[in-house]
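In: Provide a 3D model corresponding to the input given below.
(2 chains)
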Amino acid sequence: MIAYIVRRVLYAIPILIGVNLITFALFFVVNTPDDMARMHLGVKRVTPEAIERWKRERGYDLPLFWNGAAEGAGKLTETIFYRKSVRLFVFDFGRSDRGRDIGEDIRQRMWPSLALAVPVFLAGLLTHVTVALALVLFRGSYLDAWGTVALVVLMSISALFYIIAGQYLVGKLMHLVPISGYAGGLDAVRFLALPAAIGVLATLGANARWYRTLFLEEADKDYVRTARAKGLGELAVLFRHVLGNAMIPILTGVVAVLPLLFMGSLLLESFFAIPGLGSYTIDAIQAQDFAEVRAMVFLGSVLYIAGLLLTDISYTLVDPRVRLG
Amino acid sequence: MFRPVLLWTDALLFLLIAGLAAFAWHVRRTPHLREPWGRVARSRTGMCAAVVLAAYALVGVADSLHFRLPASQGPDGRVHWSAEVLSVLDLALARLRAGAEKTYSAPLAVRLHVRETVERPDGTRVRERPRLRYGGAHLADPDRERWPDVARRALAGAAAGLVLWAGAAALLAAALARRWRLSWRAAFARLAAGRTELPWRPMLATAAALAVAAGVTAWLAAGYHVLGTDKVGEDVLYQALKSVRTGLVIGTLTTLLMLPFALAMGLSAGYFGGRVDDLVQYLYTTLNSIPGVLLIAAGILMLQVYMASHPELFETTAARADLRLLFLCAVLGVTSWTGLCRMLRGETLKLREVEYVQAAVALGTGHGAILVRHVLPNVLHIVLISVVLDFSALVLAEAVLAYVGVGVDPTMTSWGNMINSARLELAREPVVWWTLAAAFVFMLGLVLAANLFADAVREAFDPRRRVR
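Out: Reported below is the predicted structural model:
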């Protein structure tokens, strides 16, 4: 088992190098730091001195890969590639183009993100599985037919609609919760209740429908028929046999997104002004802060690969037929 | 006099339509393909959704026939073309485009939504809501005449829509009567009773609803802003209709652009295995591991920098917005081809061991021929299902990307841009809800129809469901 995990972790390294090269190419080769400086300082009427100063302040005035002017190992380390990309591997994110310490920002903003993402995740899983189970329990009835139609309609509605309508109805008309904002401690519940509920509702359509097909597939299998033939009640069949077995694909699918909970939710956080990593990402994109975007790309990739690893491990735990090869 | 303009996305869109027509022709001649498509055609919800999709497609295609009008004529007879790129849809909606107001006005309103200080002829100043320049301008006493006028126009529009629909339905019935070799009356009776193989009756009902809605809207739009106006006084209905093309382009061209890569990579990884497989797997794991939004953001930011430093490349703003749209499709394609590629790889792995492929190998058929003739046709259903499923997801993604600020060009109308610019309007006093509502409803119509159609296609093509 440990050997397997070690091998998988080693396998992640070339992927991270690939990600690193892609982002490096996107940010520094396709468009030179000069272009970036010009974009930030305004395209027209910008002096070469201003560009030089902008680049020097942010450390973009070095050569890309090879610094012939430096001494010894400095030929490799005194370059943009080493300073900006290789350092990411030790999670040294450096300073953003706006001068903030990215690592510190991420450490601070991680917690509000988790405070929203974890409840959404848990409540979502519970609600979606319950709805799917209810539909399967009444399968073939009008409830099932109309419920499925309702799910299709729900999944056809834009996530933005849920957020905007939810803020308007609950926040503005009913005055139940603050429209946006965030506070630490127990106070956070007031601010997180609405976004969490919206987060659960917005994914209800797609998830519950997917779970329903999984349950139905399982409910058609022979062992389920045998259980019914033994005289087991519908509820017992559903909960004791179908649920357990259908949860395997659901849980293994869910494990893959667990690490990504850290990244937070882009839309919810930014609409509700929750100072998490999701709104951080959006801010970085809108302010065109390339250093922050680069850091988030790297962090996201690391977490995604961690998710893949967790998925593989969880398969071996829940399904004894899968062996570690 | 006009000069046709062929934007990049126009060309690709027409290419796509030609491709679809060729595919349909191919399906008609191939029995084993006709069979599942026949099942799609017999699905009631699927075909009703198809009617709605066709209506959207009609608007989108009309909006893709672009041209430029002359702005002025020089002394030497040379024509200077206007910098504005128009489409056939703009011609049809010329009145909506021209009838701009000062600022917000509610749907079917005759006065502005906000109060303004107006100077009366006698010199006194009052705060009131001034009359609109265009909406209800034909009414002498708007407060009393408005609703009767609206009702009259709506009735006339509904009647016109119904007449148009009845004409089309009669033509259809005539065509069906010839095919069934029945008399007109018998064919009508069959259609009306719904005893047809294809679900013509629900399809006609959907078409009737669309025709009536279109008729009412058209008749009302001749005198009012049916969906109100936005902050700068532009007609919201016009914007919502112009957004259709953007949504369709993103939903279809993204797939069109990524399909060749996904097919080539997925098939060769599954078929050749070994090094090729390792390489392809590495490629898609790497691309997949970059968070989608960030990859798109990085791509769009790069494009912005590039466009800002090369302004001379673009003749018109439309050409610039169009290139950004195309680029957005390409980047979205890069983030979405991996799922399809993975599925194709898995299926090809299975197909490689199938007897007829083994037989082809034993007979000395080349790899290319085996892939094209034996493997490709048997994975097409996977491609098809994922293409129709992706469509609605992409249309929805456009709105989110517009909010993040990396969507289509801000000068291009899209539902995402409409929502993004109007998202704070619900916080206004009094509330301005119509821009948001229009964008969401038009988007919901397209996405819901696409989802229902996708369900019908999946139902018909998924081999796992066919067994039961």
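In: centre of the chain to the strand or helix carrying B:L376, how far?
Out: Assigned by DSSP states H and E, B:L376 falls within helix B:376-404. Put simply, helix B:376-404 sits 13 Å off its chain's centre (CA atoms, centre = their mean, to the nearest Å).
In: if I look at the most centrally placed residue in chain B, how far off is chain A?
Out: In chain B, the residue lying closest to the centroid (CA atoms, centre = their mean) is B:L248, at 2.6 Å. The gap separating B:L248 from chain A is 16 Å, by CB to the nearest CB, to the nearest Å. From N, CA and C alone the C-beta is placed, and that goes for glycine too.
In: please identify the buried residues of the helix holding B:L376?
Out: Neighbour-count burial for helix B:376-404, counted by 16 or more other CB atoms under 10 Å in any protein chain shown, picks out B:376, B:379, B:381-404.
In: circling back: mind listing what the residue nearest to the centre of chain B touches?
Out: B:L13, B:Y56, B:A57, B:G60, B:L446 (CB atoms under 8 Å, 6 or more residues apart in numbering or on different chains).
In: possible to save the residues you listed as a markdown table with distance to chain A and secondary structure?
Out: Shown next, in a markdown table, are the contacts of B:L248 (distance: CB to the nearest CB, whole Å; DSSP: H, G, I helix; E, B strand; the rest coil):
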| residue | distance to chain A | secondary structure |
| --- | --- | --- |
| B:L13 | 23 | helix |
| B:Y56 | 14 | helix |
| B:A57 | 18 | helix |
| B:G60 | 18 | helix |
| B:L446 | 9 | helix |
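In: for B:R195, phi and psi?
Out: B:R195 has phi and psi values of phi -90, psi 60 when expressed as degrees, to the nearest 10.
In: how many neighbouring residues does it have?
Out: 10 (other CB atoms under 10 Å in any protein chain shown).
In: center of chain A, which residue is that?
Out: Note: chain A centre (CA atoms, centre = their mean) maps to A:L260, 3.9 Å.
In: host element of the nearest residue to it once chain neighbours are set aside?
Out: With sequence-adjacent residues excluded and distances taken as CB to CB, 6 or more residues apart in numbering or on different chains, A:L260 is closest to A:L303, at 5.2 Å. Assigned by DSSP H and E, A:L303 belongs to helix A:290-318.
In: that helix packs against which elements?
Out: On a contact count with 3 or more CB pairs under 8 Å, 6 or more residues apart in numbering or on different chains; DSSP states H and E, helix A:290-318 meets helix A:2-24, helix A:102-137, helix A:243-257, helix A:277-286, helix B:274-289, helix B:292-309.
In: now these in a markdown table, with distance to B:F461?
Out: Listed next are those as a markdown table, based on distance: least, CB to CB, whole Å:
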| stretch | distance to B:F461 |
| --- | --- |
| helix A:2-24 | 33 |
| helix A:102-137 | 23 |
| helix A:243-257 | 21 |
| helix A:277-286 | 37 |
| helix B:274-289 | 24 |
| helix B:292-309 | 27 |
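In: make a markdown table from the ones you listed and add mean pLDDT to it.
Out: Listed next are the helices and strands packed on helix A:290-318 as a markdown table, based on pLDDT from 0 to 100:
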| stretch | mean pLDDT |
| --- | --- |
| helix A:2-24 | 85 |
| helix A:102-137 | 91 |
| helix A:243-257 | 84 |
| helix A:277-286 | 88 |
| helix B:274-289 | 90 |
| helix B:292-309 | 81 |
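In: can you tell me which of the ones you listed is nearest to B:P75?
Out: helix B:292-309 (35.2 Å; CB to CB).
In: list the contacts of the closest residue to B:A427 other than its chain neighbours.
Out: Nearest non-adjacent residue to B:A427, counting by CB to CB, 6+ apart: A:K172, 7.1 Å away. Going by CB under 8 Å, 6+ apart, A:K172 touches A:I179, B:L426, B:A427.
In: give me the phi and psi for residue 220.
Out: Going with chain A. The phi/psi pair for A:D220 (degrees, to the nearest 10) is phi -90, psi 0.
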